[in-house]
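Asker: The following block contains a protein sequence and its predicted model.
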Amino acid sequence: MSDNNVFIIIAFILYLALMMGIGIYNYRRTHNMADYILGSRRLGAWVISMSAEASDMSGWMLMGLPGYAYIAGLNAGWIALGLCIGTWANWQFVATRLRRYTEMADNSLTLPDFLQNRFHDKSNLLRIITAVFILIFFIIYTSSSFVAGGKLFETVFGLPYLWALLLGASVVVFYTSVGGFLAVVWTDFIQGLMMFGAIFLVPTMAAFALGGISETQAAINAISPTFFEPLTKPDGSAMTLVELASLLGWGLGYFGQPHILVRFMAIHSAGAIRNAMRIAMIWVVISLAAAVLVGMVGRPFLSGSLTGAESETVFLVMTNKLFSPFFAGIVLSAVLAAIMSTVSSQLLVASSAFAQDIYHTMMRKDAGENELVWVGRVSTFLISAIAIVLAMNPDSFILDIVAYAWAGFGAAFGPAILASLFWRRTTRNGVLAGIIVGGLTVLIWKQLALFGLYEIIPGFFLSCLAIYIVSKLDREPSPEITATFDAVNGSDA
């Protein structure tokens, strides 16, 4: 083992020890499902905003998006723009209303819990269908994070991909299962700060190493003159309207991401959301712009030496070349932080869906709080095992896997959440139809790859249409349901 790797390992161990220590500390603070799933709704604006964005962006912000920008240049900026708009809209229109509504709807702890309580669904059908789709798409999403972790350890330490994959997965599974939501959000807070610093520092240092901003721009132009043309694809052809819509369409996904929505539910009061939104938007705009710059600056800095799936290691390779071993280890820990922040959130929501919405609802209705917490912890291991199997291929593109899961959540749950929060006439059957149509459309469209259109767009549109048609054909919601809706609407005024 080289001396460089020793210093990087020391930095990694210090970081991992801190994360696992937070998990152990919060184990003592987790007493029931309200603690395990939402931290008993007692978290502040800074923690929630950083946790929401860190869990949102994941390793794909430090690996997937820079890798795409390394190939496509400023064309990758359309994804960043769509995500910025989607982030703002989610905080602006959904966060406050969802925080109030979930508390008024029998203190709902999970997304399936909220939908069941929102529509007084005694059949449990809406809750179970929602939980099933959460498990399907989170297993896919979690596998993308495990792929990122595997590539990180493989690139930095030269480990075989399988061992690298298992090493990255083991730590995050530990602190998620032990510490629950409190461990996840506090580690997210630290990880969000690390991600922000790293993604800003690497392209800045690389540009200085190339001689400055103008010299870097000239070097990029010398390699690829179309890199600064946002409407030009890597092959030099012009983007079509379908391709542009597909990139911007990423923004639609925000309204249906359970691991982000649960942060809105956990903040200590709806009044704190405005401040949290300001913090989140500053973080998102700067971080996504810097992620695109990493790929663009990396092209001349690395002389275009990365090809295929290797392009997604551009941040890792640049870090190793720019910094001393120990400091490189600290910066690379931010990549691990990005991966861990998202996969921990995904595992927590997925395990909560199984424990609270499937096990408690269908198998053990009289299960106690302590039993449900332990079922959540065990299911974390089982879900992780399935995700690891899906992540076995080292040639997988992180961004492609994320796009699939992102579309699934956005199309299945986005319209359902928006309709539940803002349309008084929405019915249980309408939302059920929207979830099924949106989720199945993504699954089918992805396999058929029709028209080259990103599957979230037809999925989102058809889900909205299904909710509207079925709700209008259905009988009107009961007075009890509309009374709660009106109470939430009145509290928003």
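Answerer: Good, I have the coordinates.
Asker: Just the helices from the stretch 251-400 of the chain, written as ranges.
Answerer: Ranges of helices in the stretch 251-400 of the chain, per DSSP state H, counting those that start in this stretch, are 258-266, 273-301, 314-322, 325-352, 369-390, 398-422.
Asker: any low-confidence regions in the stretch 301-450 of the chain?
Answerer: Scanning the stretch 301-450 of the chain with the threshold set as pLDDT under 70 gives 304, 337-338, 340-341, 344-345, 369.
Asker: repeat for the stretch 1-150 of the chain
Answerer: Short version for the stretch 1-150 of the chain, where the test is pLDDT under 70: 1-5, 19-20, 22-43, 58-59.
Asker: Let me see the contact set for the most centrally placed residue in the chain.
Answerer: When C-alpha atoms, centre = their mean is applied to the chain, the residue found nearest the centroid is Asp56 (3.2 Å). For Asp56, the contacting residues are 87, 257, 259-260, 342, by C-beta atoms under 8 Å, 6 or more residues apart in numbering. Where you see a C-beta, it was placed from the backbone N, CA and C, and this is true even at glycine.
Asker: right, so of the helices of the stretch 251-400 of the chain, which gets closest to Ser237?
Answerer: Nearest of those to Ser237, taken as C-beta to C-beta: helix 273-301 at 19.0 Å.
Asker: relative to helix 314-322, how tilted is the closest one?
Answerer: Counting by axes from the mean of the first three to the mean of the last three C-alpha atoms, to 10 degrees, helix 273-301 lies at 70 degrees to helix 314-322.
Asker: could you check the angle helix 325-352 makes with helix 273-301?
Answerer: Going by the same axes, to 10 degrees, helix 273-301 makes 130 degrees with helix 325-352.
Asker: before we move on, the earlier item: can you tell which of the helices of the stretch 251-400 of the chain is closest to His120?
Answerer: Short answer: helix 398-422, nearest of those by C-beta to C-beta, at 12.4 Å.
Asker: Kindly reformat the contacts of Asp56 as CSV containing distance to Ser303.
Answerer: Shown next, in CSV, are these (distance: C-beta to C-beta, whole Å):
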residue, distance to Ser303
Thr87, 34
Gln257, 37
His259, 38
Ile260, 38
Thr342, 31
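Asker: Can you add distance to Phe189 and neighbour count and give those residues back as JSON lines?
Answerer: Formatted as JSON lines, the contacts of Asp56 follow (distance: C-beta to C-beta, whole Å; neighbours: other C-beta atoms under 10 Å):
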{"residue": "Thr87", "distance to Phe189": "17", "neighbour count": "24"}
{"residue": "Gln257", "distance to Phe189": "19", "neighbour count": "28"}
{"residue": "His259", "distance to Phe189": "15", "neighbour count": "27"}
{"residue": "Ile260", "distance to Phe189": "15", "neighbour count": "24"}
{"residue": "Thr342", "distance to Phe189": "14", "neighbour count": "28"}
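Asker: now, which of those residues sits nearest Ile457?
Answerer: The nearest one, if we look at the contacts of Asp56 relative to Ile457 and count by C-beta to C-beta, is Gln257, at 16.4 Å.
Asker: surely that closest one meets Ala407?
Answerer: No - assessed by C-beta atoms under 8 Å, Gln257 is found out of contact with Ala407, at 11.0 Å.
Asker: about what we covered before: any chance of the helices of the stretch 251-400 of the chain in a markdown table with distance to Gly236 as columns?
Answerer: As requested, the helices of the stretch 251-400 of the chain are arranged in a markdown table below (distance: least, C-beta to C-beta, whole Å):
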| stretch | distance to Gly236 |
| --- | --- |
| helix 258-266 | 37 |
| helix 273-301 | 15 |
| helix 314-322 | 21 |
| helix 325-352 | 32 |
| helix 369-390 | 35 |
| helix 398-422 | 21 |
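Asker: for those, which one sits closest to Leu83?
Answerer: helix 273-301 (6.0 Å).
Asker: for that closest one, packing partners?
Answerer: When contacts are defined as 3 or more C-beta pairs under 8 Å, 6 or more residues apart in numbering; DSSP states H and E, helix 273-301 packs onto helix 45-59, helix 65-72, helix 77-89, helix 161-209, helix 213-223, helix 314-322.
Asker: okay, the angle between it and helix 45-59?
Answerer: 30 degrees.
Asker: Of all the residues in helix 273-301, which ones are buried?
Answerer: By neighbour count on 16 or more other C-beta atoms under 10 Å, the buried set for helix 273-301 is 273, 276-277, 279-281, 283-285, 287-301.
Asker: Looking at the helices and strands packed on helix 273-301, spot the one closest to Ala391.
Answerer: helix 161-209 (5.9 Å).
Asker: Hmm, Gly236 and Thr226 touching each other?
Answerer: Yes - counting by C-beta under 8 Å, Thr226 does reach Gly236; the two are 5.8 Å apart.
Asker: host element of Gly236?
Answerer: Taking DSSP states H and E as the definition, Gly236 sits outside all helices and strands.
Asker: which residues sit in contact with it?
Answerer: Contacts of Gly236 (C-beta under 8 Å, 6+ apart): Thr226.
Asker: again, but for the one 3 residues further on
Answerer: Counting by C-beta under 8 Å, 6+ apart, Met239 makes contact with 75, 231-233.
Asker: Tell me the one of those residues nearest Gln191?
Answerer: Looking across the contacts of Met239 and measuring by C-beta to C-beta, the closest to Gln191 is Asn75, at 28.5 Å.
Asker: residues near the residue lying closest to that closest one once chain neighbours are set aside, how many?
Answerer: With sequence-adjacent residues excluded and distances taken as C-beta to C-beta, 6 or more residues apart in numbering, Asn75 is closest to Pro230, at 5.8 Å. By other C-beta atoms under 10 Å, 17 other residues sit near Pro230.
Asker: Pro230 is in what secondary structure piece?
Answerer: For Pro230, there is no host helix or strand (DSSP H and E).
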